[in-house]
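Chemist: Structure here, sequence nowhere to be found:
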Ligand code: BG6
């Protein structure tokens with residue numbers, strides 16, 4: 001097992017949702033799996049006054065609610081708790097950071113962490129720039145004999161211009177190689193498996209191009225609505241919330257060329273080339289918004305009735321689009337992307353739809369079913385392959401059959417949560433699963449084209465009933481080319 005260097009994890013945003021639901025449980029699971037450094041401590045920073053005991057109770061509560069591995073409350077668990085500290089800080093009180101610096105130095109002494117730090121900004125995006133500037137101002141990230149890294153959550157800007165501004169400010173404190181821009185989809189087990197699937201199987205790689213693939217579909221469907229995140233969502237919508245980051249990241253992994261090696265920068269170089277080649281005609285983008293309806297047997301309200309949402313909002317909770325990767329490998333192969341909230345089921349799938357063989361021998365009427373490969377990212381991690389075979393018997397009947405490999409049903413296998421993998425990687429300085437600045441830049445270029453078209457031409461936002469698969473216009477996008485959305489479900 002890799003020997004990890006000592007460090008302190010400094011979490012800004014101790015009381016936030018992300019910390020409670022994801023970071024605390026992930027840390028606990030890493031601890032239980034023996035994947036934290038020997039010399040390690042956590043400093044949670046929040047604006048509220050809290051006693052350390054209260055902070056520990058919150059931590060235990062979050063582990064009990066959300067952790068993959070059960071809290072056992074034994075001596076080892078208490079040793080884990082002892083490494084947790086809480087610090088109250090007003091992010092905008094510049095003087096207060098001097099106290100934080102001193103406290104961090106004390107913790108360094110206590111835990112022998114040598115000044116190595118991971119600053120995790122689990123706060124609202126408007127705080128990213130001010131906090132990093134204070135870190136610089138108070139020399140908490142000198143990067144001399146020790147290392148300091150920063151983890152930034154999404155959204156990284158609201159468009160290319162604001163993303164550039166944000167990046168400029170963060171770069172004043174941290175060098176690019178120390179900036180870890182999180183896209184939690186990259187931490188998902190099946191997403192990490194994509195490169196292996198493509199580049200470790202003779203079965204797939206030779207066919208992975210426009211000669212054999214008809215089109216690709218990526219669907220991220222969710223059952224949840226916007227919940228309490230109305231104000232954020234009004235500014236972002238599904239295009240910025242899901243397409244700019246998670247969907248384009250997956251698309252780039254599916255479409256990239258084989259990297260020269262498995263080094264972080266080699267992989268990122270190939271991903272960025274895909275993003276640079278990506279084209280979309282705004283005519284091929286459909287936006288939708290959920291109306292009232294029934295999801296999982298429960299009546300739910302329309303987006304416009306959600307808390308702190310404009311009752312006349314045009315903001316999209318659903319996007320479907322057709323894009324093309326204009327390069328030699330993919331020219332002429334549409335990539336259909338679809339994501340929405342309040343859909344009937346939560347799942348994320350990638351469908352590779354192969355071309356049909358000529359109907360010369362079988363099915364002269366062109367009814368031979370094409371091969372289909374479905375990569376299921378969640379809730380089950382698996383791979384499904386549909387191919388043709390003869391039905392047993394004397395008649396020459398060809399039927400589609402399938403091979404289904406399900407990761408999550410391997411006995412005793414319990415996939416780590418995305419945040420476990422991502423936190424582990426930041427601590428060991430491995431940044432492949434994080435997005436480099438130019439990836440962010442090209443993703444925004446792509447999304448900005450669509451957003452600009454929406455601003456200028458104001459195309460309709462189609463209302464779809466909650467609990468449905470989105471507006472029928474999204475189906476039409478495929479039907480125009482005699483295709484349809486597919487799912488393993
Ligand atoms: C987040 C979005 O990045 O991803 C949310 O902001 C969305 O709106 C979430 O619900 C989906 O993530 P997952 O892992 O639940 O598919």
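Modeler: That came through fine. Bear in mind the structure is a predicted one, so any value in this text is a computation, not a measurement.
Chemist: CA atoms for contacts and neighbours, from now on please.
Modeler: OK.
Chemist: can you give me the helices for this structure?
Modeler: In the chain, the segments counted as helices under DSSP state H are 17-18, 24-32, 52-66, 75-82, 96-111, 128-137, 160-173, 189-199, 230-238, 248-255, 264-277, 418-428, 437-457, 472-479.
Chemist: will you turn these into CSV that also has mean pLDDT?
Modeler: Shown next, in CSV, are the helices of the chain (pLDDT from 0 to 100):
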stretch, mean pLDDT
helix 17-18, 90
helix 24-32, 96
helix 52-66, 93
helix 75-82, 91
helix 96-111, 96
helix 128-137, 96
helix 160-173, 96
helix 189-199, 93
helix 230-238, 95
helix 248-255, 98
helix 264-277, 97
helix 418-428, 96
helix 437-457, 98
helix 472-479, 97
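Chemist: Out of those, flag the one nearest residue 293.
Modeler: helix 472-479 (15.8 Å; C-alpha to C-alpha).
Chemist: can you list contacts of that closest one?
Modeler: 284, 286, 320, 321, 322, 484, 485 (C-alpha atoms under 8 Å, 6 or more residues apart in numbering).
Chemist: just stretch 353-367 next, same as before
Modeler: 212, 213, 214, 215, 216, 217, 368, 369, 370, 371, 372, 373.
Chemist: related to what we said a few turns ago, need the helices of the chain in JSON lines (columns: distance to residue 223 and mean neighbour count).
Modeler: Below are these laid out as JSON lines (distance: least, C-alpha to C-alpha, whole Å; neighbours: other C-alpha atoms under 10 Å):
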{"stretch": "helix 17-18", "distance to residue 223": "19", "mean neighbour count": "14"}
{"stretch": "helix 24-32", "distance to residue 223": "23", "mean neighbour count": "22"}
{"stretch": "helix 52-66", "distance to residue 223": "19", "mean neighbour count": "17"}
{"stretch": "helix 75-82", "distance to residue 223": "35", "mean neighbour count": "13"}
{"stretch": "helix 96-111", "distance to residue 223": "41", "mean neighbour count": "16"}
{"stretch": "helix 128-137", "distance to residue 223": "30", "mean neighbour count": "18"}
{"stretch": "helix 160-173", "distance to residue 223": "29", "mean neighbour count": "17"}
{"stretch": "helix 189-199", "distance to residue 223": "21", "mean neighbour count": "17"}
{"stretch": "helix 230-238", "distance to residue 223": "14", "mean neighbour count": "18"}
{"stretch": "helix 248-255", "distance to residue 223": "21", "mean neighbour count": "22"}
{"stretch": "helix 264-277", "distance to residue 223": "29", "mean neighbour count": "20"}
{"stretch": "helix 418-428", "distance to residue 223": "20", "mean neighbour count": "21"}
{"stretch": "helix 437-457", "distance to residue 223": "24", "mean neighbour count": "18"}
{"stretch": "helix 472-479", "distance to residue 223": "18", "mean neighbour count": "17"}
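Chemist: Nearest to residue 311, out of those helices?
Modeler: With C-alpha to C-alpha, the closest approach to residue 311 among these belongs to helix 230-238: 11.0 Å.
Chemist: Which one of the helices of the chain lies nearest to residue 393?
Modeler: The nearest among those, by C-alpha to C-alpha, is helix 189-199 at 34.4 Å.
Chemist: any idea which strand is longest in this structure?
Modeler: strand 278-295 (DSSP state E).
Chemist: Relative to residue 372, how far out is residue 350?
Modeler: To residue 372, residue 350 is 10 Å away according to C-alpha to C-alpha, to the nearest Å.
Chemist: what about the two, which has more around it?
Modeler: Each of residue 350 and residue 372 has its neighbours counted (other C-alpha atoms under 10 Å); residue 350 has more, 24 against 20.
Chemist: Not counting sequence-adjacent ones, nearest residue to residue 386?
Modeler: residue 402 (4.3 Å; C-alpha to C-alpha, 6 or more residues apart in numbering).
Chemist: The one you found: what's it in contact with?
Modeler: Counted by C-alpha under 8 Å, 6+ apart, residue 402 has contacts 384, 385, 386, 387.
Chemist: Buried ones among those?
Modeler: Buried members of those, counted by 16 or more other C-alpha atoms under 10 Å: 384, 385, 386.
Chemist: what's the closest of these to residue 416?
Modeler: Among those, and counting by C-alpha to C-alpha, the member closest to residue 416 is residue 384, at 21.7 Å.
Chemist: can you put the contacts of helix 472-479 in CSV and add pLDDT, neighbour count and distance to residue 311?
Modeler: Shown next, in CSV, are those (pLDDT from 0 to 100; neighbours: other C-alpha atoms under 10 Å; distance: C-alpha to C-alpha, whole Å):
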residue, pLDDT, neighbour count, distance to residue 311
284, 98, 15, 27
286, 98, 25, 21
320, 98, 26, 23
321, 98, 23, 26
322, 98, 23, 29
484, 97, 14, 33
485, 98, 18, 31
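Chemist: Redo those as a markdown table? Include distance to residue 239.
Modeler: Below are those laid out as a markdown table (distance: C-alpha to C-alpha, whole Å):
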| residue | distance to residue 239 |
| --- | --- |
| 284 | 14 |
| 286 | 11 |
| 320 | 9 |
| 321 | 10 |
| 322 | 13 |
| 484 | 22 |
| 485 | 19 |
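Chemist: Inside strands: which ones of the residues you listed?
Modeler: 284, 286, 320, 321, 322.
Chemist: any chance of these in JSON lines, plus distance to residue 456?
Modeler: Converted to JSON lines, the ones in strands among the contacts of helix 472-479 look like this (distance: C-alpha to C-alpha, whole Å):
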{"residue": "284", "distance to residue 456": "16"}
{"residue": "286", "distance to residue 456": "15"}
{"residue": "320", "distance to residue 456": "19"}
{"residue": "321", "distance to residue 456": "18"}
{"residue": "322", "distance to residue 456": "20"}
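Chemist: Of those, which pair is most distant in space?
Modeler: 286 and 322 (9.2 Å).
Chemist: hmm, back to that, looking at the helices of the chain, which is closest to residue 314?
Modeler: helix 230-238 (8.9 Å).
Chemist: can you give me the angle that closest one makes with strand 278-295?
Modeler: If you take axes from the mean of the first three to the mean of the last three C-alpha atoms, to 10 degrees, helix 230-238 sits at 130 degrees to strand 278-295.
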